Every structure is written in C-alpha cells, then in structure tokens.
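Colleague: Below are the sequence and a predicted model; questions follow.
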Amino acid sequence: MNNLTKQILITGVLLFTLVACTRTAVVNDTARIVAKAAAQIAAFELPPGYEPEFGLHALGYTVVAYNPGDDRSHLYLIQSEEAAGGAALEKALQELVPGSHDEKTRMTVLEQRPFTLRGQPVTLIISTGTNGAGDAIQQLTTLFQGQGGPVLLVLSEPVARWHQATIDTFLASIH
C-alpha cells in the first residue's frame, strides 16, 4: 500500500468516525430535549419501539413527538400552559375526530370509551381509516390534564401494528 492510499484510507476512517460521533451527539441531544419537554407534561413509559422524534416549548405550548422509525406511526402530546389553551386543544381534538375536515383522510370512529388517565375521567376516541398516503391506520385521541395544563394526546399506527393491550399499558403508565 503506497503512502497516498494510506492517507486516503486514514482520512476516510477519520471522516467516518467524525460523522458517526456527530450523529450520536444529535440523537442524544434529541432524546435529552424530548425527555426534558415530556417531563413538563407527564411521566409515562413509551410503547415498545417508540423513540424521541422532537420536543419543543414555544408560545405557551409544550410538544413532544415519538415514532418507532416507520414514518407511519406517531405519538404526540401537546400541552397548553394556560387553561384557556385547553379550549384550543379541545377544538383541535374535535378537528381530529374523523370526518370533520380533511378530505384526504377518511376515518370512522370505532369507539368512544371512558377511561381514567392520571386519576381523571377522560374519553378515548378510537378511529380507523386511511391517512393522506392511503395507508390503513387506527388512531387514538384524548384530552387530559397534564402537569402544566391541558394535554392533547394523539397516537396513530397502521392497523396491522395496532395492539390495544399495548396501548392500554402505555395509557396506564401516564401519571
């Protein structure tokens, strides 16, 4: 192996190591940011496979998002700092109820089930249909009182991945 080949190989290894370390730092920063934002909403254990996607706190809202890496499953928690923001979240929940406004998303409510979340009575809205990409999905939506204000929870998964027992375990973990 000549000197030029060695230098190219060493440079390539160094660049690869630098990129790998940078990616790890970004993933770790995302996890830290999401964990910090989620702690302002409620304590909970994620469904298996879900990883932090993003978290932010702005304009009186705290938002965290998770997914299992398939770009078709999503878990969102959106908290308003003010009780008045609860009305906006309630309106958002009504808009998420199937058939309310999105012509591309055709959803049907399967069940509106009473549930106790963080010691509070809530209604779980479970829907099925297709998302904008035409995938068959199920979706759970509910509104509850978080640590810092009202919280809208939205969980969407492909029908084939939906396991109600796993989702109930996740919901029971929220405290």
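Modeller: Here it is on my side, so go on.
Colleague: For the protein, which segments count as helices?
Modeller: Ranges of helices in the chain, per DSSP state H, are 3-39, 83-96, 164-173.
Colleague: which stretch in these has the least confidence?
Modeller: Looking over these, mean pLDDT reaches its minimum on helix 3-39, with a mean of 58.
Colleague: what about the residue nearest the centre of the chain, distance to residue 37?
Modeller: For the chain, the residue nearest the mean C-alpha position is residue 75 (2.5 Å; CA atoms, centre = their mean). Here residue 75 is placed at a distance of 13 Å from residue 37 (CB to CB, to the nearest Å). Every C-beta, even on glycine, is put in place using the N, C-alpha and C of the backbone.
Colleague: Kindly report the same for residue 68.
Modeller: Taken as CB to CB, the span from residue 68 to residue 37 is 19 Å.
Colleague: Output stretch 135-153 as CSV, nothing but the C-alphas.
Modeller: Listed next in CSV are the C-alpha coordinates belonging to stretch 135-153 (Å, rounded to 0.1, in the frame of the first residue of the first chain):
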residue,chain,number,x,y,z
ASP,A,135,-52.4,3.6,4.5
ALA,A,136,-54.9,1.8,6.7
ILE,A,137,-54.5,3.3,10.2
GLN,A,138,-56.0,3.4,13.7
GLN,A,139,-55.9,6.5,15.8
LEU,A,140,-56.5,7.2,19.5
THR,A,141,-57.1,10.8,20.7
THR,A,142,-57.9,12.2,24.1
LEU,A,143,-57.6,15.3,26.2
PHE,A,144,-56.4,15.2,29.8
GLN,A,145,-54.9,17.4,32.4
GLY,A,146,-51.1,17.3,32.4
GLN,A,147,-48.6,18.6,35.0
GLY,A,148,-48.7,22.1,33.5
GLY,A,149,-52.1,22.3,31.8
PRO,A,150,-54.5,20.6,29.4
VAL,A,151,-52.9,18.0,27.1
LEU,A,152,-54.0,16.6,23.7
LEU,A,153,-52.7,13.1,23.1
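Colleague: average pLDDT across that stretch?
Modeller: Mean pLDDT, stretch 135-153: 94.
Colleague: For the nearest residue to the residue nearest to the centre of the chain once chain neighbours are set aside, list the residues it contacts.
Modeller: In space, residue 75 comes closest to residue 66 once its chain neighbours are excluded; the distance is 4.4 Å by CB to CB, 6 or more residues apart in numbering. Contacts for residue 66 (CB atoms under 8 Å, 6 or more residues apart in numbering) come out as 34, 46, 50, 51, 52, 53, 74, 75.
Colleague: Report pLDDT for residue 66.
Modeller: At residue 66, the model reports a pLDDT of 96.
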